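Peer 1: need a 3D model of the following:
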Amino acid sequence: MLSFNKKNKAVNEEKAQELIDQPVPQPAAHSEPNILSEVADAIKPIRAKKDTFISNGALFTGVIEGDGNIIVEGRVEGNIICSHMVRIETSGHVKGEIRAQQITINGPVEGRCFADSLSIQPKGSMRGDIFADEISIEKAACLLASPS
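Peer 2: Below you'll find the model as predicted:
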């Protein structure tokens, strides 16, 4: 242990030099795999944002808010507010308002959609108001809306 005392300055400098001169211990080489590296390799980064699913056959009434993606395969009667992407699958149905950066509609939607980008897929239908910077409507899709 080193102490900072003016009286023992020479002793302290001597001890400090001994510590500096000591060789740094190296890890022993062995043929066994390093457990820590195996654990580190096995642990993958965890997604900070998870997807939210409304499964086929489920009915959700109310407001859904999420930071990740929201995928609707069931029915939603209410509003969806999402920071990323909302996707309405062919089995999904939404009656309400949807707000997201990106909205993909491949099932029936009735209400209002607010997005940076909105896409209506071949099996999708939109009845209501659309407020989007980009709108894409694929062949066989149905749009009964007033785009803004």
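Peer 1: which residues pair with L59 across the strands?
Peer 2: R75 (DSSP bridges).
Peer 1: against N69, how distant is it?
Peer 2: Distance of L59 to N69, given as C-beta to C-beta, to the nearest Å: 20 Å. Backbone N, C-alpha and C define where each C-beta goes, glycine included.
Peer 1: so between these two, which is more surrounded?
Peer 2: N69 (18 against 10; other C-beta atoms under 10 Å).
Peer 1: separation between that one and K50?
Peer 2: N69 is 8 Å from K50, by C-beta to C-beta.
Peer 1: wouldn't I98 be in contact with I80 here?
Peer 2: Yes: contact criterion C-beta atoms under 8 Å: I98 and I80 qualify, at 4.7 Å.
Peer 1: which residues do the two both contact?
Peer 2: The contact sets of I98 and I80 overlap at V86 (C-beta atoms under 8 Å, 6 or more residues apart in numbering).
Peer 1: worst-scoring helix or strand of this structure, pLDDT-wise?
Peer 2: Least confident helix or strand of the chain, by mean pLDDT, DSSP states H and E, is helix 35-42 with a mean of 57.
Peer 1: immediately after that one, which helix or strand?
Peer 2: With elements assigned by DSSP states H and E, the helix or strand that comes after helix 35-42 is strand 52-54.
Peer 1: give me the contacts around that following strand.
Peer 2: Applying C-beta under 8 Å, 6+ apart, the set of residues contacting strand 52-54 is 60, 64, 66, 68-76, 92.
Peer 1: out of those residues, which are buried?
Peer 2: 60, 64, 66, 69-76, 92 (16 or more other C-beta atoms under 10 Å).
Peer 1: which of these lies closest to Q102?
Peer 2: The nearest member of the buried ones among the contacts of strand 52-54 to Q102, counting by C-beta to C-beta, is N69 at 8.9 Å.
Peer 1: ok, the closest one touching I80?
Peer 2: No: counting by C-beta under 8 Å, N69 sits too far from I80 to count as a contact (11.1 Å).
Peer 1: contacting residues for P122?
Peer 2: P122 neighbours (C-beta under 8 Å, 6+ apart): 106, 138-141.
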